[in-house]
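*Asks:* Structure, please.
(one chain, ligands or ions: 2)
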Amino acid sequence: MAHVLVVDDERSICELLEITFRKDGHRVELASSGEQAKRRLETQLFDIIVSDINMRDMSGVDLLQYAREISPETVFILITGVPTLSTAIDAVNFGADRYVIKGDSLIDELRQAVAKIAESIELKKETGILRRELRRLTGLDHIIGTSPKMREIFELIQTIAPQSSRVLITGESGTGKELVARAIHENSARSKKPFITINCGAFPETLLESELFGYMKGAFTGAGENRHGLFKAAHGGTLFMDEIGNMSLTMQVKLYRVLQEGKVRPLGSTVEEDVDVRVIAATNKDFEKEIAEGRFREDLYYRLSVIPIHLPPLRERREDIALLARSFLERYRKSMSKAVEAIEPKAMERLEAYDWPGNVRELENTIERAVALETGRWITMEGLPERITRYYQEHRPDLQSNNHDHLVPEGGLDLEQKIGEIERAYLLAALECTGGVRVRASELLKMSYRSFRHYAKKHGV
Ligand SMILES: Nc1ncnc2c1ncn2[C@@H]1O[C@H](COP(=O)(O)OP(=O)(O)OP(=O)(O)O)[C@@H](O)[C@H]1O
Ligand SMILES: [Mg+2]
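*Replies:* Ligands and ions are numbered 1, 2, ... in the order given. Take a look at the predicted model:
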């Protein structure tokens with residue numbers, strides 16, 4: 001509900017409006033003169049001001065001017081008992097949001113206007129919060145990974161983000177292409193401007209065209225009004241064109257032209273509009289193949305891929321699995337208010353061994369599911385989907401106790417070193433599970449604290 005200031009030197013109007021707005025749930029304050037209103041404005045932030053025009057000490061239009069300076073976001077409604085053309089013109093020129101004439105329907109009109117404004121303010125606040133929330137989640141620090149491959153990508157993002165060059169992000173489904181696109185936008189000078197996403201694969205050709213470029217009323221059946229396209233909406237910001245590999249060849253030609261000329265022409269319009277948009281495109285297709293087989297235009301490809309970024313599948317950066325899994329655990333544990341704290345080493349081993357065809361998204365879903373199902377403090381093997389545990393069984397026969405065929409590789413192995421590695425890995429894993437508490441780690445490993453210390457020292461843990 002809105003915070004409203006009512007300004008009128010006619011007492012009865014003030015009181016009537018106060019009662020009406022209060023009843024509708026708004027917070028209302030009164031000022032019985034222009035000067036009093038000014039003083040209020042200096043100390044409080046109002047969503048809406050409703051002010052009379054003809055007051056003894058000051059004109060409502062002067063108050064409007066003052067309010068515009070001191071509180072530009074406040075919505076200003078002028079009311080008058082003696083409508084004249086010149087005050088109406090002043091009201092418009094100085095930026096009044098509404099102009100209402102005192103008459104039989106004054107109360108109804110004002111109630112409706114205030115309710116509508118209050119609603120849009122609410123909405124704005126909500127999207128403001130959402131935006132901030134998104135921002136928080138889209139910085140570079142929310143892309144998790146310490147593998148050399150991911151480090152390279154972080155560096156690349158930091159280098160190229162500030163410029164406006166086009167970026168083409170490739171990678172299998174779920175590797176984080178959208179996350180990277182957002183991070184690039186957030187780290188660029190465009191971050192205060194819109195980041196708009198369009199899934200090019202989700203639209204039939206003509207619809208995609210009108211979405212991207214906009215249209216004029218009557219341009220096609222169903223075009224009932226003039227509409228801006230997404231290029232225009234993203235002006236000054238970034239347009240993320242997802243699944244660009246699914247775009248039809250005709251659309252590719254049109255897009256090529258827009259990128260070439262920096263102008264778009266809405267469907268049915270005769271005028272081109274300049275647009276300043278950074279395009280980041282993404283695909284999970286193999287472009288070389290698409291081009292070779294004639295499904296993607298080579299010229300467009302070169303336009304789009306000024307800076308190519310390839311996100312490797314998760315199975316090629318297994319080092320990141322544990323880190324990702326733990327951070328997802330943390331995220332979902334909090335959001336579901338669960339007691340589960342850690343991932344059992346055996347379960348983690350299976351997560352790290354799996355080949356993740358759905359990449360990070362699959363891992364995230366796996367952890368979310370495990371957290372949701374878990375009633376204890378650990379995510380255990382039983383909490384993992386069967387495909388993951390089965391994969392481990394099928395691909396790690398050398399670790400199965402009753403299969404010794406592959407235990408010793410052809411060239412032999414240094415057993416002492418091997419055992420050392422295993423010891424070290426388990427120490428680290430146990431410490432991980434206990435948040436670094438050594439006594440508890442030693443208990444987990446069923447050894448005395450003394451032996452634990454001995455091993456820790458031996459392996460530099
Ligand atoms: N490195 C990462 N760190 C943290 N979360 C990640 C990482 N990579 C991906 N994710 C998460 O995994 C999910 C999938 O990521 P995203 O949507 O960016 O993938 P995508 O490559 O666009 O997939 P698709 O091709 O299917 O659209 C998202 O929830 C995202 O937050
Ligand atoms: Mg995506």
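
*Asks:* list the buried ones in stretch 385-396?
*Replies:* By 16 or more other Cβ atoms under 10 Å, the buried positions in stretch 385-396 come out as 388-389, 391-392. The way it works is simple: take the backbone N, C-alpha and C, and place the C-beta from them, glycine included.

*Asks:* Let me know the closest of those to ligand 1.
*Replies:* Distance to ligand 1, by Cβ to the nearest ligand atom, is smallest for Ile388 among the buried residues of stretch 385-396, at 16.9 Å.

*Asks:* which residues touch that closest one?
*Replies:* For Ile388, the contact set (Cβ atoms under 8 Å, 6 or more residues apart in numbering) comprises 350-351, 354, 366.

*Asks:* Filter those down to just the ones in strands.
*Replies:* Judged by DSSP state E, the subset of those located in strands is empty.

*Asks:* from those residues, which are also near ligand 1?
*Replies:* Applying Cβ under 6 Å from any ligand atom, the subset of those adjacent to ligand 1 is empty.

*Asks:* With neighbour count and pLDDT added, can I get these in CSV?
*Replies:* As requested, the contacts of Ile388 are exported to CSV (neighbours: other Cβ atoms under 10 Å; pLDDT from 0 to 100):
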residue, neighbour count, pLDDT
Arg350, 20, 94
Leu351, 24, 96
Tyr354, 24, 95
Thr366, 22, 97
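
*Asks:* Among these, which lie within helices?
*Replies:* 350-351, 366 (DSSP state H).

*Asks:* need the contact list for Asp57.
*Replies:* Here Asp57 is in contact with 9, 33-35 (Cβ under 8 Å, 6+ apart).

*Asks:* Buried members of those residues into ChimeraX, please.
*Replies:* Of the contacts of Asp57, the buried ones go into a single ChimeraX selection, burial set by 16+ other Cβ under 10 Å:
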select :9,33,34
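
*Asks:* and of the contacts of Asp57, the nearest to ligand 1?
*Replies:* Taking Cβ to the nearest ligand atom as the measure, ligand 1 sits nearest to Gly34 out of the contacts of Asp57, at 53.2 Å.

*Asks:* ok so Ile13 is a helix residue?
*Replies:* Yes - read with DSSP: H, G, I helix; E, B strand; the rest coil, Ile13 is one of the residues of a helix.

*Asks:* Around the closest residue in space to it that isn't next to it in sequence, how many other residues sit close by?
*Replies:* Spatially, and ignoring its direct neighbours in sequence, Ile13 is nearest to Asp52 (7.0 Å; Cβ to Cβ, 6 or more residues apart in numbering). Asp52 has 21 neighbours, counted by other Cβ atoms under 10 Å.

*Asks:* didn't Asp52 look like it was pressed against Cys14?
*Replies:* No - with contact defined as Cβ atoms under 8 Å, Asp52 does not count as touching Cys14 (9.0 Å).

*Asks:* Can you pull the residues that touch both of those two?
*Replies:* Counting by Cβ under 8 Å, 6+ apart, the shared contacts of Asp52 and Cys14 are Asp8.

*Asks:* if we can go back for a sec, measure the residue nearest to Ile13 to Arg68 for me?
*Replies:* As judged by Cβ to Cβ, to the nearest Å, Asp52 and Arg68 stand 17 Å apart.

*Asks:* Can you report how many residues neighbour Lys124?
*Replies:* Under the neighbour criterion other Cβ under 10 Å, Lys124 is assigned a count of 11.

*Asks:* Tell me how far it lies from ligand 1.
*Replies:* In this view, Lys124 and ligand 1 are 26 Å apart by Cβ to the nearest ligand atom, to the nearest Å.
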